[in-house]
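> need coordinates for the below:
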Amino acid sequence: MKIFSRFWGITAMACLAMGALAGCEASVSPSSSSQSSGSTSVSVAQPGELTEEHKLLYTQYLTPLMEDGSLMSSWSDQPSADEENYGLIQDLEVVASSKEGNVLSVTARLYGTLLLDPHTMEESMTGDGIIIAAEPDSPHGPYLAFGEATVEMREVEGGPLYLSCTYEPYDAPGVTLLRERTKELEPQLSASQKPDLSQYEPRMVEYIRQVILSQRYIESADEITLWDLENLCTDLIFNYSTLGDENRDLPRGYVADSQILRLMPNLEFFVSYVPLTDYSVFEEMHQLKSLCFYLSAGDSETPAPDFSTLRIGHTKDLTINEFQHDIVIDLSHSEVESLTLSSWMAAVTEFRGCEDLQTLNFNHTRSDTRIINAQTFPSLQFLNLDFFSDTPRFRDLSQLATFGEDVNISVTLSYQAANNKTVETLAGVRLNSLYLDPDNGPYPLGEPDPALVEKINAEQVNWATTPGDF
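A predicted model of the protein is given here:
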């Protein structure tokens, strides 16, 4: 489950808006009194006969009111949009309809993002808080039902004429849902031990409580069980928002105490924007789909990450991005299928234990590229190299010739990375694709020489056709 603290919740909500009803918008033309050019040829649903066809038509009728927030207030004569409600309704479900004379009445259940303040335990739809998670298989996920609206309208030429709206919010829907989930889980929770969390960093413990709170009701860390840690903590993000004190950044030179992760063997997704005290905490994890370390954050007092302790039971993807110091990648004690490396400032100085790696994505860096060869990566199936430089830095790619024809190799050279000296090293190298974008910067070199490129053994050679706008 994902958790988004403070401003993250609103950002995620905005990015996901309108997805569910995009197919209906083409037939809706909002105005203050008459909206929708959708067909009215569908007969009004009879009691107990709300077909999918009716639901689609009535959803079209209500979509303009959903978009401007009018469904979240009661009004008559004219829709009453409220700036505070704008964008809060992310989805709706038509649940009932009736007709008396020429007045059509449609009732819809409203869905949106529900936030919970982990300190006051008060829920809201705006402001700070964690996102209360929907069920994984919910047709309206990641949104939750928070109320119902009944709209009366007349169907006239060009669409409905809205007459009134009655809005009925649910009473604390988010907290109610969390309490119900906790009650359902009571047998598992009662049978599970409660670990001693006093030995772990308090900010880590509080973050984990908030992750659990996004899925079931829990007021304090004393209520955390091993079952929670093994089943509800599958998706974690360590950054300045999730770990920082309210309204304050983390301490200068901060390194996250990662030992609490050992209690979460079923972790599937983990992202850290801060260095960790110990990278061996993943050694008993075999369900990891993605393990990501983004290391550009921090300050002058933040130490270089110590990847010498790296131990991973198994992960499909390991990503180390924006490392600021030279590193050695040692996978001798790790099972990794795909490795992605990227940095503008530092180099990978050595690879060890990469015999079983299947995919390598190697972006930029100041590395000596001769370390990328078949001897180091004997099981490689896919090799993707992407280099961008604002100086004509030389990269020796000649060792790519050591790979057999069963390895799919793609190379991208952008701006001054596409210099003649680098391109010359591709002589004798077999490539599946070569992408050249030498004009992607304000001071192109006028290289590489097309005559050099013609000598390269590549199935596809693509030149960027449009220079960037600088």
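> could you pick out the longest strand of this protein?
In the chain, taking DSSP state E as the definition, the longest strand is strand 144-156.
> looks like Phe307 contacts Ile327 (just checking).
Yes. Using Cβ atoms under 8 Å, Phe307 makes contact with Ile327 at a distance of 5.6 Å. (Each C-beta comes from the backbone N, C-alpha and C, glycine too.)
> what's the overlap in contacts for these two?
Residues touching both Phe307 and Ile327 comprise Ile320, with contact defined as Cβ atoms under 8 Å, 6 or more residues apart in numbering.
> give me the more crowded residue out of these two.
The neighbour count for Phe307 versus Ile327, taken as other Cβ atoms under 10 Å, is higher for Ile327 (24 against 16).
> which residues touch Glu337?
Neighbour list for Glu337: Thr315, Lys316, Asp317, Leu357, Gln358, Thr359 [criterion: Cβ under 8 Å, 6+ apart].
> tell me the buried residues within these.
Among the contacts of Glu337, the ones that count as buried by 16 or more other Cβ atoms under 10 Å are Thr315, Lys316, Asp317, Leu357, Thr359.
> and the residues you listed, which of them are in strands?
Members of the buried ones among the contacts of Glu337 lying in strands (criterion: DSSP E): Thr315, Lys316, Asp317, Thr359.
> just put the residues you listed in CSV and tack on pLDDT and distance to Tyr58.
Formatted as CSV, these follow (pLDDT from 0 to 100; distance: Cβ to Cβ, whole Å):
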residue, pLDDT, distance to Tyr58
Thr315, 98, 46
Lys316, 98, 43
Asp317, 98, 43
Thr359, 98, 48
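> any chance of those residues in JSON lines, plus distance to Thr126?
Shown next, in JSON lines, are these (distance: Cβ to Cβ, whole Å):
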{"residue": "Thr315", "distance to Thr126": "37"}
{"residue": "Lys316", "distance to Thr126": "37"}
{"residue": "Asp317", "distance to Thr126": "35"}
{"residue": "Thr359", "distance to Thr126": "42"}
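> so which of the residues you listed is the closest to Ser220?
Checking these against Ser220 by Cβ to Cβ gives Thr315 as the nearest, at 32.3 Å.
> got a list of what the nearest residue in space to that closest one that is not next to it in sequence touches?
Spatial nearest neighbour of Thr315, excluding adjacent residues (Cβ to Cβ, 6 or more residues apart in numbering): Leu288 at 3.7 Å. The contact partners of Leu288, taken as Cβ under 8 Å, 6+ apart, are Leu267, Glu268, Phe269, Phe270, Phe282, Ile312, Gly313, His314, Thr315, Lys316.
> show me what contacts the closest residue to Gly446 other than its chain neighbours?
Nearest residue to Gly446 in three dimensions, chain neighbours excluded: Pro438, at 7.8 Å (Cβ to Cβ, 6+ apart). Shown in contact with Pro438 (Cβ under 8 Å, 6+ apart): Leu413, Ser414, Tyr415, Gln416, Ala418, Pro444, Leu445, Gly446, Glu447, Pro448, Ala464.
> now the fourth one: how far from Asp406?
With the distance defined as Cβ to Cβ, to the nearest Å, Gln416 ends up 33 Å from Asp406.
> more neighbours, the two?
Each of Gln416 and Asp406 has its neighbours counted (other Cβ under 10 Å); Gln416 has more, 21 against 7.
> residue contacts, the more buried one?
Shown in contact with Gln416 (Cβ under 8 Å, 6+ apart): Ser389, Asp390, Thr391, Pro392, Arg393, Pro438, Gly441, Tyr443, Pro444, Leu445.
> next step: the residues you listed restricted to strands.
Per DSSP E, the contacts of Gln416 map to strands at Ser389.
> thinking again about what came up before, for the residue nearest to Thr315, what are phi and psi?
Main-chain dihedrals, Leu288, degrees, to the nearest 10: phi -70, psi 120.
> partner residues bridging the closest residue to Tyr143 other than its chain neighbours?
Using Cβ to Cβ, 6+ apart and skipping residues adjacent in sequence, the residue nearest Tyr143 is Tyr111, 3.9 Å away. Counting by DSSP bridges, Tyr111 is bridged to Asp91, Ala145.
> number of nearby residues for Thr422?
Neighbour count for Thr422, taken as other Cβ under 10 Å: 24.
> over to the one 3 residues further on?
By other Cβ under 10 Å, 18 other residues sit near Thr425.
> distance of it from Val461?
Distance of Thr425 to Val461, given as Cβ to Cβ: 16 Å.
> then Thr309?
Thr309 is 43 Å from Val461, where distance means Cβ to Cβ.
> then Asn440?
According to Cβ to Cβ, Asn440 stands 16 Å off from Val461.
> and the two? Which one has more around it.
The neighbour count for Asn440 versus Val461, taken as other Cβ under 10 Å, is higher for Asn440 (20 against 14).
> my guess is Asp386 contacts Thr365. True?
No. Contact between Asp386 and Thr365 fails when scored by Cβ under 8 Å: they sit 10.2 Å apart.
> ok, these two, which is more surrounded?
Applying other Cβ under 10 Å to Asp386 and Thr365 shows that Thr365 carries more neighbours, namely 20 against 16.
> what residues are up against that one?
Leu341, Ser342, Ser343, Trp344, Ala346, Ala347, Val348.
> what about 10 Å?
Contacts for Thr365 (Cβ atoms under 10 Å, 6 or more residues apart in numbering) come out as 323, 326-327, 341-348, 387, 395.
> name the nearest residue to Ser164, ignoring sequence neighbours.
If the residues on either side of it in the chain are set aside, Ser164 comes closest to Ser76, at 4.2 Å by Cβ to Cβ, 6+ apart.
> burial of the residue lying closest to Glu355 once chain neighbours are set aside, as a residue count?
Leaving aside its sequence neighbours, Glu355 sits nearest to Pro378 (Cβ to Cβ, 6+ apart; 5.7 Å). Pro378 has 13 neighbours, counted by other Cβ under 10 Å.
> quick check, Pro378 in a strand?
No. Counting by DSSP: H, G, I helix; E, B strand; the rest coil, one finds Pro378 to be coil, located in no strand.
> could I get stretch 389-402 in CSV with only the CA atoms?
This file holds the C-alpha atoms of stretch 389-402, laid out as CSV (Å, rounded to 0.1, in the frame of the first residue of the first chain):
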residue,chain,number,x,y,z
SER,A,389,27.4,15.4,-21.9
ASP,A,390,27.8,19.1,-22.1
THR,A,391,31.5,18.6,-22.8
PRO,A,392,33.1,16.2,-25.4
ARG,A,393,33.9,13.6,-22.7
PHE,A,394,35.5,10.5,-24.3
ARG,A,395,33.9,7.2,-23.6
ASP,A,396,35.6,4.0,-24.7
LEU,A,397,32.8,1.6,-25.8
SER,A,398,35.1,-0.9,-27.5
GLN,A,399,34.5,-3.5,-24.9
LEU,A,400,30.9,-3.9,-26.1
ALA,A,401,32.4,-6.0,-28.9
THR,A,402,33.0,-8.8,-26.3
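> residues of it that come out buried?
Those would be Ser389, Arg395, Leu397, Ser398, Gln399, Leu400, Ala401, for stretch 389-402 by 16+ other Cβ under 10 Å.
> from these, which land in helices?
Using DSSP state H, no member of these falls in helices.
> which one of the contacts of Gln416 is nearest to Met72?
For those, the nearest to Met72 is Gly441 (49.1 Å; Cβ to Cβ).
> tell me the phi and psi of the nearest residue to that closest one once chain neighbours are set aside?
Spatially, and ignoring its direct neighbours in sequence, Gly441 is nearest to Tyr415 (3.8 Å; Cβ to Cβ, 6+ apart). When read as degrees, to the nearest 10, the backbone of Tyr415 gives phi 60, psi -130.
> that's all I had, so thanks and see you.
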